[in-house]
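# predicted model, plus sequence, below.
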There are 2 protein chains.
Amino acid sequence: MEELLVIKIGGNIIDDEEALSSFLPSFASLEQKKILVHGGGKLATDMAGKLGVPQQMVEGRRITDMDTLRIVTMVYSGLINKNIVAKLQALSVDALGLSGADIDLIRAHKRTGTEIDYGYVGDIDLVNNEKLESLLNLNLVPVVSSIVHDGKGQLLNSNADTIAGEIAKSLSSAFKVCLVYCFEKTGVLSDPADDRSVIRNIDEAKFKQLQHTGQVSSGMIPKLHNSLKAVKSGVDKVIIGHARDLPDIISGKSGTLIH
Amino acid sequence: MEELLVIKIGGNIIDDEEALSSFLPSFASLEQKKILVHGGGKLATDMAGKLGVPQQMVEGRRITDMDTLRIVTMVYSGLINKNIVAKLQALSVDALGLSGADIDLIRAHKRTGTEIDYGYVGDIDLVNNEKLESLLNLNLVPVVSSIVHDGKGQLLNSNADTIAGEIAKSLSSAFKVCLVYCFEKTGVLSDPADDRSVIRNIDEAKFKQLQHTGQVSSGMIPKLHNSLKAVKSGVDKVIIGHARDLPDIISGKSGTLIH
């Protein structure tokens, strides 16, 4: 099976022009078929501040009222997405920006019945893997923002980590998928203060041990849990590492491998 | 040759939720292959106002400094484009939002050497008709915003009328293209105050006569000039009419036909 990279970058890269300018050429140089998934970061919060729309985060998730939905749609699918696409095109990557509404890529439903009202936040139901495959077969490189839709005309805010995971799973029967989470650390660390303390391999047993000992940071637990779930659903491997080290984490020289 | 509709809608429809909600089902019901091109309108001006970025228009063109470019990118390619796409998907139209940077669709260069410095405004060099054709062949319906790029990583603001014309021309060797300009009048009027005074047919000779007599409004002259140029470049026909009358202008029952 042909290899496919699904690479997620977070706010720490998007917010930092220098980091983005160094990441994109690394991404461009990867010869495999590939998909880039991006979140938003501070730009949306800054924009909300300028527009006087108060923002509330609960466990890292943005409470998304109607005004906030308009802001994240503008910032994620407009400003950030199109700038990344234009920069990739300049690097000879035939990038195509997508939200979850385009080609009906990601169908979701508004989160309801939770203790907290998250507003216009979507939980993913379905990835249109067939349409995505036809775009990949045209040698296009999808650049996916974290805005999804409900199929009834309503856009919804979602989470880029989850989107990357769902896309990876949905394509795992057609491709040998490597899911890569780029963040601001060199990998999963046994000592959060020490960038050299990367745990290089995590499997089910190791994860249980880490959970048990409380060795890794609590924010890392859901990421690892989702990664293991992705592997169980057919994704070949998941890598967590620093965006700066992209070529090395893909070749296995650095980062944490979840398998 | 298969028929293709390239339909441009302007700010008057986008700014008016009711007009848009009535236009999109009409658009959805058209059975031909089709492309929707949209501009921005007041939403970008409103957003600039809220963000305290002064706007300057010269002959209907927006002077686009860096802050304004960010705003139009957000509003046109993010907010407006993704909302139209989500609404079309709800109408079973397999819409795909595109800026000119996506799939390298529209390459342009920054306008220079003019008396007025328009800032980040792009004049179109090239439409990537082959890539656009492959998307149409996947039965996708492109929804194109008026943001283009220079191929060197820079986004540029452009004009939706011009984009629709260039797309129509670029596809005229592969399709029998009908280019439709939807606006707030029932067609080209011989008396601007009378919506019933539609000039139903305009050809080169008629255009010269209208220019000579000063019968049509001066704002209409460049539109007609471009329409005749499009027809000369292979576009089968151009129609100018009211968005509300979409089915009727396509079937030739109303609007102005330029041929």
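Everything's here; your move.

# any idea how far residue A:158 lies from chain B?
As for residue A:158, its distance to chain B is 13 Å (criterion: C-beta to the nearest C-beta, to the nearest Å). Yep, even glycine has a C-beta here, placed from its N, CA and C like the rest.

# I figured residue A:221 hits residue A:214, correct?
No: if you go by C-beta atoms under 8 Å, residue A:221 and residue A:214 don't touch, sitting 9.6 Å apart.

# those two - which one has more neighbours?
Between residue A:221 and residue A:214, residue A:221 has the larger neighbour count (other C-beta atoms under 10 Å in any protein chain shown), namely 14 against 9.

# just the element for that one, please.
helix A:220-232 (DSSP states H and E).

# what sits up against that helix?
With C-beta atoms under 8 Å, 6 or more residues apart in numbering or on different chains as the test, helix A:220-232 has contacts from A:161-162, A:165, A:168-169, A:179, A:181, A:188, A:202-204, A:207, A:210-211, A:216, A:237-238, A:240, A:258-259.

# so which bits of it are buried?
Buried residues in helix A:220-232, counted by 16 or more other C-beta atoms under 10 Å in any protein chain shown: A:220, A:223, A:224, A:226, A:227, A:228, A:230, A:231.

# tabulate the CA atom coordinates of it in PDB.
Extracted as PDB, the C-alpha positions of helix A:220-232 are listed here (Å, rounded to 0.1, in the frame of the first residue of the first chain):
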ATOM      1  CA  MET A 220      -0.900  14.100  27.200                       C
ATOM      2  CA  ILE A 221      -3.200  11.200  28.300                       C
ATOM      3  CA  PRO A 222      -6.100  11.900  25.900                       C
ATOM      4  CA  LYS A 223      -3.600  12.400  23.000                       C
ATOM      5  CA  LEU A 224      -2.000   9.100  23.700                       C
ATOM      6  CA  HIS A 225      -5.400   7.400  24.200                       C
ATOM      7  CA  ASN A 226      -6.600   8.700  20.800                       C
ATOM      8  CA  SER A 227      -3.300   7.700  19.200                       C
ATOM      9  CA  LEU A 228      -3.600   4.100  20.400                       C
ATOM     10  CA  LYS A 229      -7.300   4.100  19.300                       C
ATOM     11  CA  ALA A 230      -6.100   5.200  15.800                       C
ATOM     12  CA  VAL A 231      -3.500   2.400  15.700                       C
ATOM     13  CA  LYS A 232      -6.200  -0.100  16.700                       C
END
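
# for the nearest residue to residue A:259 once chain neighbours are set aside, give the beta-bridge partners.
Counting by C-beta to C-beta, 6 or more residues apart in numbering or on different chains, residue A:237 is the residue found nearest to residue A:259 once chain neighbours are left out, at 5.1 Å. Counting by DSSP bridges, residue A:237 forms beta bridges with residue A:178.

# which bits of chain A sit near chain B?
A:50-51, A:70, A:73-79, A:81-83, A:85-87, A:89-90, A:94-99, A:101-104, A:131, A:134-135, A:138, A:140, A:147, A:149, A:151-155 (C-beta under 8 Å from any C-beta of the partner chain).

# give me the buried subset of those.
Listed as buried from the residues of chain A next to chain B are A:70, A:73-79, A:81-83, A:85-87, A:89-90, A:94-99, A:101-104, A:131, A:134-135, A:140, A:147, A:149, A:151, A:153-155; burial here means 16+ other C-beta under 10 Å.

# SS state for whichever residue of chain A sits closest to chain B?
Nearest residue of chain A to chain B: residue A:78, at 2.1 Å (C-beta to the nearest C-beta). The three-state label given to residue A:78 by DSSP: H, G, I helix; E, B strand; the rest coil is helix.

# hang on, it packs against residue B:71?
No: between residue A:78 and residue B:71 there is no contact under C-beta under 8 Å: 9.4 Å.

# which of the residues of chain A next to chain B fall in helices?
The members of those that map onto helices under DSSP state H are A:50, A:70, A:81-83, A:85-87, A:89-90, A:131, A:134-135.

# just flag the most distant two among those residues.
Within those, two members stand farthest from each other by C-beta to C-beta: A:50 and A:134, at 39.4 Å.

# can you list contacts of stretch A:11-24?
A:9, A:38-43, A:80, A:84, A:87-88, A:91, A:182-184, A:243-244, A:246.

# mind listing what's buried in the helix or strand harbouring residue A:28?
Residue A:28 is located in helix A:17-29, with elements delineated by DSSP H and E. If you call a residue buried by 16+ other C-beta under 10 Å, then helix A:17-29 has these buried ones: A:19, A:20, A:23, A:24, A:26, A:27, A:28.
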